[in-house]
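A.B. asks: sequence? don't have it. structure:
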């Protein structure tokens, strides 16, 4: 019998399987998509996320960054990381590096589609597979989460992310976050000759149309060759619990607040490590509590900033307040970074 069946071969699923294989468990990943997997995301990994990659034996191609800069029409403020560095990398490069690390660790990859599970006191059955435990890493709109009745209705604004790569040399060694009315734009250095630009907005559409809200950024990018748009959302996903019997949710399937602070992959990798430790100790009933404790700081800061950004008079003060209180801004950035 398989020790851990991982449904979903994105970064969260591959990290879970790799941690499991490193611990001596038999891990199998089932993924319905073929080839290199891409996804709309900001592509900037904070220092604590980079440390997970090191533990996983992953060294993807990318470009280091050293802090976060907030900008609006009136000015900017920069906060440097106090220790470590972040890493900007294309999502496809991250996927390929995680996929290689999983194979090297001994993870078996299978092409297939699983959206429901049945379980008893000692095992879980998913199609042709029987496993002691299942990690559902099947994405933001997880079919397994839904089939287990773990979904909760989403509240608040519905937001989408849209990303495009531009062939232009990075002009900053930080991730830049541009603020405008009802929308943010993130510029992440992902290579020596390219940047990723992602917007978070409650209005769907093409990235080029949204860039008109950021005249300075649009002027800098004007004429640069670029790739196609990739979108994801709605981002907000609420769950009752991250475990049901012998099935645990990990990655975006475990619930999502917003991409505003860029913590999706960090929480996914942290959850992957906790999940494997719970399997090793046979304490799956404690997984949800440990996941919530691990992610509490990031979720609270993201939810607070998301709420403030949704109140128009307060939103307009976010960047000016960060400029006026740079030490406090730096402290918040480093709480998220480490």
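C.D. replies: Received it, and whenever you're ready, just let me know what you need. Computed from a prediction, not measured in an experiment: that's the story for all the values here.

A.B. asks: going forward, measure contacts and count neighbours with C-alpha atoms only.
C.D. replies: Fine.

A.B. asks: Do a quick rundown of the strands in the stretch 1-150 of the chain.
C.D. replies: In the stretch 1-150 of the chain, strands defined by DSSP state E, counting those that start in this stretch lie at 2-7, 27-31, 44-45, 63-65, 67-72, 75-80, 86-88, 108-111, 118-119, 124-126, 129-136, listed in chain order.

A.B. asks: Among those strands, which comes closest to residue 178?
C.D. replies: Proximity to residue 178, assessed across the strands of the stretch 1-150 of the chain by CA to CA, is greatest for strand 67-72 (4.8 Å).

A.B. asks: Tell me which strands the closest one pairs with, and in which orientation.
C.D. replies: Strand 67-72 has the following strand partners under DSSP bridges: strand 75-80 (antiparallel), strand 175-180 (parallel).

A.B. asks: where's the last one relative to the chain centroid, distance-wise?
C.D. replies: Its chain's C-alpha centre lies 18 Å from the corresponding centre of strand 175-180 when counted by CA atoms, centre = their mean, to the nearest Å.

A.B. asks: For residue 248, which three-state class applies?
C.D. replies: At residue 248, secondary structure determined by DSSP: H, G, I helix; E, B strand; the rest coil is strand.

A.B. asks: Could you pull up the residues touching it?
C.D. replies: The contact partners of residue 248, by CA atoms under 8 Å, 6 or more residues apart in numbering, come to 133, 134, 135, 136, 242, 275, 284, 287.

A.B. asks: Make CSV out of the strands paired with strand 67-72 and add distance to residue 261, mean pLDDT and mean neighbour count.
C.D. replies: Shown next, in CSV, are the strands paired with strand 67-72 (distance: least, CA to CA, whole Å; pLDDT from 0 to 100; neighbours: other CA atoms under 10 Å):
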stretch, distance to residue 261, mean pLDDT, mean neighbour count
strand 75-80, 14, 97, 17
strand 175-180, 10, 96, 22
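
A.B. asks: closest to residue 187 out of those?
C.D. replies: Ranking these by proximity to residue 187 (CA to CA) places strand 175-180 first, at 5.1 Å.

A.B. asks: Can you pull out the residues in contact with that closest one?
C.D. replies: 44, 65, 67-73, 184-189, 213-214, 319.

A.B. asks: Reformat the strands of the stretch 1-150 of the chain as TSV; add distance to residue 271.
C.D. replies: Below are those laid out as TSV (distance: least, CA to CA, whole Å):
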stretch	distance to residue 271
strand 2-7	13
strand 27-31	16
strand 44-45	16
strand 63-65	24
strand 67-72	24
strand 75-80	26
strand 86-88	19
strand 108-111	21
strand 118-119	22
strand 124-126	20
strand 129-136	11
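
A.B. asks: Of those, which is nearest residue 304?
C.D. replies: strand 67-72 (16.7 Å).

A.B. asks: List of residues touching that closest one?
C.D. replies: Contacts with strand 67-72, where a contact means CA under 8 Å, 6+ apart, come from 76-81, 85-86, 173-180, 319, 333.

A.B. asks: Could you do stretch 318-330 as well?
C.D. replies: By CA under 8 Å, 6+ apart, the surrounding residues in contact with stretch 318-330 are 70, 71, 72, 75, 76, 77, 78, 79, 80, 81, 179, 309.

A.B. asks: farthest pair in those residues?
C.D. replies: The largest separation in the contacts of stretch 318-330, counting by CA to CA, is between 81 and 309 at 23.4 Å.

A.B. asks: quick one: contacts for residue 201?
C.D. replies: By CA under 8 Å, 6+ apart, residue 201 lies in contact with 159, 160, 161, 182, 183, 184.

A.B. asks: number of nearby residues for the closest residue to residue 286 other than its chain neighbours?
C.D. replies: Closest residue in space to residue 286, ignoring its immediate chain neighbours: residue 278 at 7.3 Å, by CA to CA, 6 or more residues apart in numbering. Using other CA atoms under 10 Å, residue 278 has 17 neighbouring residues.

A.B. asks: so what's residue 278 up against?
C.D. replies: Here residue 278 is in contact with 284, 286, 287 (CA under 8 Å, 6+ apart).

A.B. asks: For it, pull up the helix or strand it's in.
C.D. replies: If you go by DSSP states H and E, residue 278 is part of helix 264-281.

A.B. asks: pLDDT averaged over that helix - what is it?
C.D. replies: Average pLDDT, helix 264-281: 95.

A.B. asks: Now do the next helix or strand after that helix: which elements does it pack against?
C.D. replies: Sequence-wise, the next helix or strand downstream of helix 264-281 (DSSP H and E) is helix 287-309. In this structure, helix 287-309 makes packing contacts with helix 264-281, helix 312-315, helix 326-337, judged by 3 or more CA pairs under 8 Å, 6 or more residues apart in numbering; DSSP states H and E.

A.B. asks: give me that answer again for 6 Å
C.D. replies: Judged by 3 or more CA pairs under 6 Å, 6 or more residues apart in numbering; DSSP states H and E, the packing partners of helix 287-309 are helix 312-315.

A.B. asks: buried stuff in stretch 127-144?
C.D. replies: Across stretch 127-144, burial judged by 16 or more other CA atoms under 10 Å covers 130-144.

A.B. asks: pLDDT score for residue 234?
C.D. replies: Listed pLDDT for residue 234 reads 69.
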